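1. Give the three-dimensional model of this entry:
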Amino acid sequence: MKIIKLSAENIKRLRAVEITPDGNIVTVTGKNAAGKTSVLDAIWLALGGGAASRETVRPIRDGEDHASVTLDLGDLTVVRTWTGDKTALTVKSADGAKYPSPQAVLDALVGRLSFDPLEFTRLSTRDQVSALLDLVNLDVDLDALARQRQTAYDDRTEIGRQGKALGEIGKPLPAPAEEVSASVLIAQIRDAQSLAASQAAERDAAEVAKAQVDSLRSDLAKWEAVLTERVTKVKGHQAAPDVAALETDLLAVEETNRAVRHNAEIAKAAARKADLLSKYATLTGKITTLDKTKADALAAATFPVPGLGFDDDGVTFEGIPFSQASSAEQIRVSLAMAMSLNPKLRVIRILDGSLLDAENLALIADMATQQDYQVWIERVGDASSVGVVIEDGAVI
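-> Reported below is the predicted structural model:
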C-alpha cells in the first residue's frame, strides 16, 4: 500500500498542497522555510497518532485556526483534522465504510514511518544503539544487565585490589602451635632455685655433722646416728633441674613467641587471600553469566536487517562497527531497516535529503524500485528543481 494522493491544508508551514506522486521516488524540493519538511511531516501526522502528536506540538499553521491532511492509500482514505487543540481522525475503506477504531487500523498498518534512514546514519554510537533497541523485541532488560555487570565488575576490581595489597604470603618459622608462657618458666626457675638451696643446706648440715663426729669422738654414737640420718636424706635427693638450661629457655621465649605470632599472621593472611580469591572467582562467574545472558538474548533477537546487531561499542553490521561501513553501505542498511519496519504501508520519509550525493540518491532509487517502496525525499532547491517544488507553503 502506498500514497496515491496527499492533500494538506495549514499544516505547519503549508497553506494548501495537493500532490499525486508518480514513481518510487517523490522528491519534495524548494528553498529553506518554504514548507518542504511540512509535506513529509503531514504524512506522519496523518498516520502516527499520539507518537506524531508528541513530536509536533503545533501542527496548525501560525495565524490559522484549523488544519487537515487527507491521504488516499487506495484501499483506505485517511483524514485527520485539527481545530484549536483538538484533533479528529476518520479512516474509510475503498467502498466508503468508516472504521469504528480508526487509529487501531493505522497502528496495524504503519510500522515505523517516523524512522528516517538518513538520520540514523548521523546518530551517535550510543543513540544508534538506542534506536536499534527500540526496533528489536528482547526478552531481557539490557540496561539492567549492564548495571548488574558494572556492579559485579566494580566489586571484583576492589577485591582484586585488596588481594594485590596483601602481596606474597611469607613462610612460617619453626615454632610450637601456641605462644610459650614466660611466667611458667620463671616459676620453674624459682622452684629449682628453692630446691637447690634446700639441698645445699642439707649438704652443709651433713658436713657439719661429719665435722662434729670427727671432733667429738666421745659423742660418736650420738652423732653417728645423726650422720646416718643425714646421709640417708642426701642419698634420697632427686636430681635438681638444670637452672642454667631453664634460664636459656627463658631467653628463647620471646623469639619463640615472635615466631608463633608470625605464623598466626601468615595463617590469617592466607585465609583472607583465599576468601578474596573465592569471591573474585564468584564475581567472574557472575560477569560471565550476565554476558552470556546478554549474548543469548541478542542471538535470539530478530533484527530488522540480517547481519545487523550491536556489541559493547555500538551497532555492528556483519561483525564490524557500523560507523566503519562505507557511506553507501550505511545508507543501504538504514534504508533496508526502514523498509523492513514498514512492510504494509510501503512509504518511507527521508528528511534533509540535500546531504545525499548523486550516487547515494541513485542507490536509494534502485532499492525503492527493486523493493517496490515509495520514498519521499526532502531536498533544498529552487523553482528549476526536479520534483514537487514547494514555495510559500504551496506547490508551484
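2. Flag every buried residue along stretch 275-293.
-> If you call a residue buried by 16 or more other C-beta atoms under 10 Å, then stretch 275-293 has these buried ones: Leu276, Lys279, Tyr280, Leu283, Lys286, Ile287, Leu290. All C-beta atoms are positioned from the backbone trio N, CA, C, and that covers glycine.
3. Pretty sure the second one sits against Thr157.
-> No. With contact defined as C-beta atoms under 8 Å, Lys279 and Thr157 do not form a contacting pair (11.9 Å).
4. Please produce CSV containing the buried residues of stretch 275-293, extended by pLDDT.
-> Formatted as CSV, these follow (pLDDT from 0 to 100):
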residue, pLDDT
Leu276, 87
Lys279, 89
Tyr280, 91
Leu283, 89
Lys286, 89
Ile287, 88
Leu290, 84
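5. Specify which member of these is nearest to Ile60.
-> Using C-beta to C-beta, Leu290 comes nearest to Ile60 of these, at 49.7 Å.
6. how far does stretch 99-119 stretch from start to finish?
-> 34 Å (C-alpha to C-alpha, to the nearest Å).
7. so Lys92 bridges to which residues?
-> Thr77, Lys98 (DSSP bridges).
8. Surely it and Asp75 touch.
-> No. Between Lys92 and Asp75 there is no contact under C-beta under 8 Å: 10.0 Å.
9. Same drill for these two, tell me which one is more crowded.
-> Neighbour totals were compared for Lys92 and Asp75, and Lys92 leads with 14 against 11 (other C-beta atoms under 10 Å).
10. Report pLDDT for that one.
-> Confidence at Lys92, expressed as pLDDT, is 95.
11. State the distance from it to Asp72.
-> 10 Å (C-beta to C-beta, to the nearest Å).
12. where's Gly30 relative to Arg379, distance?
-> 9 Å.
13. Give the residues shared as contacts by the two.
-> Counting by C-beta atoms under 8 Å, 6 or more residues apart in numbering, the residues touching both Gly30 and Arg379 are Lys36, Ser385.
14. Pick out whichever of the two has more residues nearby.
-> Shown here are Gly30 and Arg379; by other C-beta under 10 Å, Gly30 has more neighbours (27 against 20).
15. which residue packs closest to the more buried one, ignoring adjacent ones?
-> Ile390 (3.8 Å; C-beta to C-beta, 6 or more residues apart in numbering).
16. how does the chain divide into domains?
-> 5-115+342-395, 141-301 (automatic domain parsing).
17. Let me see the ranges of the helices in the stretch 1-150 of the chain.
-> 36-48, 50-55, 102-109, 117-122, 125-135, 142-166 (DSSP state H, counting those that start in this stretch).
18. how about CSV for those, with distance to Tyr373, mean pLDDT and mean neighbour count added?
-> Below are the helices of the stretch 1-150 of the chain laid out as CSV (distance: least, C-beta to C-beta, whole Å; pLDDT from 0 to 100; neighbours: other C-beta atoms under 10 Å):
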stretch, distance to Tyr373, mean pLDDT, mean neighbour count
helix 36-48, 14, 92, 25
helix 50-55, 20, 81, 13
helix 102-109, 15, 90, 16
helix 117-122, 11, 83, 19
helix 125-135, 17, 80, 16
helix 142-166, 30, 86, 14
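19. Just send those helices back as TSV, with distance to Leu251 too.
-> Formatted as TSV, the helices of the stretch 1-150 of the chain follow (distance: least, C-beta to C-beta, whole Å):
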stretch	distance to Leu251
helix 36-48	94
helix 50-55	89
helix 102-109	94
helix 117-122	84
helix 125-135	72
helix 142-166	34
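20. quick one, which of those is nearest to Phe303?
-> helix 125-135 (7.5 Å).
21. and the closest one, what does it pack onto?
-> strand 308-311, strand 314-317 (3 or more C-beta pairs under 8 Å, 6 or more residues apart in numbering; DSSP states H and E).
22. which helix in this protein runs the most residues?
-> helix 243-300 (DSSP state H).
23. Next, the angle helix 142-166 makes with that one.
-> 160 degrees (axes from the mean of the first three to the mean of the last three C-alpha atoms, to 10 degrees).
24. Figure out how far helix 243-300 is from the centre of its chain.
-> 30 Å (C-alpha atoms, centre = their mean, to the nearest Å).
25. Likewise for stretch 309-327?
-> That offset, for stretch 309-327, works out to 19 Å (C-alpha atoms, centre = their mean).
26. now do stretch 195-215
-> Worked out by C-alpha atoms, centre = their mean, stretch 195-215 lies 93 Å from the chain centre.
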